[in-house]
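# based on what follows, work out the 3D shape:
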Amino acid sequence: MIQSRQSASILDFSRPEREDVKSPARPTVSKRHRGLNWLGKKISRCFLALHTKRNTGEKIMLQQRTFFFGAKPEGTPKKDGENPLVPERRFRAMSPDSIEIRFTNNTVTQFGGYPLWNQFCHEIGLNQHFARHVRMERGPLAFTAPELARFLTDAKILGTERVMHVETLRLDPLLCQSSGISMLPSGKTLGVFLKQHEDNHLRGVDNLMLNLTQRLWKKRRQLLSKAERKDMDRVIVDYDSSTFTVYGKQEGADRGRSFRKKEKPGFQPRFAFIGGLGITIHQELLPQSHNLNKDFLPFHEETLKRLPKHAKPWAVRADGALYSQELVEHFEIQKLVYSISVKLKEVRLPDQPATDASDIACPRSSATHRS
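Residues are numbered from 1 along each chain as shown. Below is the predicted model:
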């Protein structure tokens, strides 16, 4: 194009100008068409930028996934029928002691801390506990219930919030080598496994938690002297509840007191802990409108029965959600020390007069002790 222009200009310079020759007129373009052309160019540039960014992100993800083994793992087959049978996926799992952790890249790591969790599970025999307590009839070509329960636990420990998010974990080479399965269960398989749970399976999981709690308490108690054991046996029971929102039509969910999303249904589970140790003794899943003090006495009595051997409760702690006159009187009858944080204007302790008007205006914490 540049050479042709230069040659044309030289020819025009050597000849006299011809006034009768006119250049062809450009077609007229409206402002609307010019605006559409400009918008089309902008959109094409945006798509090009997104495509470039996507390619860069895929390269970074590939570098992260090949961090430990230096090879790209096999892609997930698009159809379930193309997955190999479960017995063909199994191989001898590596021992946690044989895993060596090297931090060659000090800026990016994905599951570098997993061997520590796997070593802990190996020491307490978590897989054997799952095999003993989580029993479910499954086909010979399917994953066993302990395998699914262990992978579901690992996914939760690694920060997975939903079942569908396990797709980023099931092909990870470190998890596959540690479990002895070349391709771990998908989110669909885990969903079917959870739907197969019945009351007897839930009781098995509850017995598993009680068994682990008893073993942890016993092991910690053996390391102490007689005087220290006596102090450890006097336990404080902490009660608390939490709320979380659901976005489907889960059974039992309703609208209640939610601090983040007030218009969404959800659940409000309540928990019982051993104070100071943080060991969970009891838990119960309830609708979001079910406050902590509602039907609390049966939950409290069941908690006391589930305490470890030699543990004797002497105090109860909770926030203002537990306060009610009935519960305070019950703690007084049981001669339990109780500490409940509540606004002073709502408090009327047994055998005490009501607060005067000068104290009503200032909220404060309230606690009573009996020896």
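
# what helices or strands is the host helix or strand of Leu194 leaning on?
Counting by DSSP states H and E, the element that carries Leu194 is helix 187-195. Packing partners of helix 187-195 (3 or more C-beta pairs under 8 Å, 6 or more residues apart in numbering; DSSP states H and E): helix 145-157. Every C-beta, even on glycine, is put in place using the N, C-alpha and C of the backbone.

# list the buried ones in the helix it packs on?
For helix 145-157, burial by neighbour count (16 or more other C-beta atoms under 10 Å) applies to Ala145, Pro146, Glu147, Leu148, Ala149, Arg150, Phe151, Leu152, Asp154, Ala155.

# next structured bit after the helix holding Leu194?
Next element after helix 187-195 (DSSP H and E): helix 199-222.

# return the alpha-carbon coordinates of the following helix or strand past that following helix using CSV.
Using DSSP H and E, the helix or strand that follows helix 199-222 towards the C-terminus is helix 226-233. Backbone C-alpha positions of helix 226-233 (Å, rounded to 0.1, in the frame of the first residue of the first chain) are rendered in CSV as follows:
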residue,chain,number,x,y,z
LYS,A,226,-4.5,-37.2,90.7
ALA,A,227,-4.9,-33.5,91.8
GLU,A,228,-5.0,-32.4,88.2
ARG,A,229,-7.6,-35.1,87.4
LYS,A,230,-9.8,-33.9,90.2
ASP,A,231,-9.8,-30.4,88.8
MET,A,232,-10.4,-31.6,85.2
ASP,A,233,-13.4,-33.7,86.3
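
# mind listing what His282 touches?
For His282, the contact set (C-beta atoms under 8 Å, 6 or more residues apart in numbering) comprises Phe271, Ala272, Phe299, Glu302, Thr303, Arg306.

# tell me the secondary structure at it.
The three-state assignment at His282 reads strand, by DSSP: H, G, I helix; E, B strand; the rest coil.

# same question for Trp314.
strand.

# now it, nearest residue through space, not along the chain?
Nearest non-adjacent residue to Trp314, counting by C-beta to C-beta, 6 or more residues apart in numbering: Arg234, 5.0 Å away.

# in the chain, which spans are helices?
For the chain, the helices defined by DSSP state H cover 2-14, 31-65, 86-89, 114-124, 126-133, 145-157, 173-179, 187-195, 199-222, 226-233, 296-305, 325-333, 357-360.

# can you put the ones you listed in JSON lines and add distance to Ile101?
Formatted as JSON lines, the helices of the chain follow (distance: least, C-beta to C-beta, whole Å):
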{"stretch": "helix 2-14", "distance to Ile101": "61"}
{"stretch": "helix 31-65", "distance to Ile101": "16"}
{"stretch": "helix 86-89", "distance to Ile101": "25"}
{"stretch": "helix 114-124", "distance to Ile101": "6"}
{"stretch": "helix 126-133", "distance to Ile101": "20"}
{"stretch": "helix 145-157", "distance to Ile101": "17"}
{"stretch": "helix 173-179", "distance to Ile101": "10"}
{"stretch": "helix 187-195", "distance to Ile101": "28"}
{"stretch": "helix 199-222", "distance to Ile101": "26"}
{"stretch": "helix 226-233", "distance to Ile101": "35"}
{"stretch": "helix 296-305", "distance to Ile101": "40"}
{"stretch": "helix 325-333", "distance to Ile101": "50"}
{"stretch": "helix 357-360", "distance to Ile101": "58"}
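
# buried only: go through the contacts of His282 for me.
Applying 16+ other C-beta under 10 Å to the contacts of His282, the neighbour count classes Phe271, Ala272, Phe299, Thr303, Arg306 as buried.

# that older thread, columns distance to Tyr338 and pLDDT on top of the buried residues of helix 145-157, output as TSV?
Formatted as TSV, those follow (distance: C-beta to C-beta, whole Å; pLDDT from 0 to 100):
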residue	distance to Tyr338	pLDDT
Ala145	41	92
Pro146	41	92
Glu147	45	93
Leu148	42	94
Ala149	37	93
Arg150	40	93
Phe151	42	94
Leu152	37	93
Asp154	39	93
Ala155	39	91
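
# re earlier: let's have the contacts of His282 in CSV, adding pLDDT.
Listed next are the contacts of His282 as CSV, based on pLDDT from 0 to 100:
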residue, pLDDT
Phe271, 91
Ala272, 91
Phe299, 91
Glu302, 92
Thr303, 91
Arg306, 91
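
# domain parsing of the protein, as residue ranges.
Annotated domains of the chain cover 87-100+110-195, 224-368 [automatic domain parsing].

# would you turn those into TSV with distance to Gln214?
Formatted as TSV, those follow (distance: least, C-beta to C-beta, whole Å):
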stretch	distance to Gln214
domain 87-100+110-195	12
domain 224-368	5
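
# weakest of those domains by average pLDDT?
For these, mean pLDDT drops lowest on domain 224-368, to a mean of 78.

# distance of the residue nearest to Trp314 from Thr213?
18 Å (C-beta to C-beta, to the nearest Å).

# higher neighbour count, these two?
Between Arg234 and Thr213, counted using other C-beta atoms under 10 Å, the more crowded position is Thr213 (19 against 11).

# sorry, back to before: mind listing what's buried in the helix holding Leu194?
Counting neighbours by 16+ other C-beta under 10 Å, one finds that the buried residues in helix 187-195 are Gly187, Thr189, Leu190, Phe193.

# what are the ranges of the strands in the stretch 251-371 of the chain?
Assigned by DSSP state E, counting those that start in this stretch, the strands in the stretch 251-371 of the chain fall at 266-267, 270-274, 279-284, 312-318, 337-340, 366-368.
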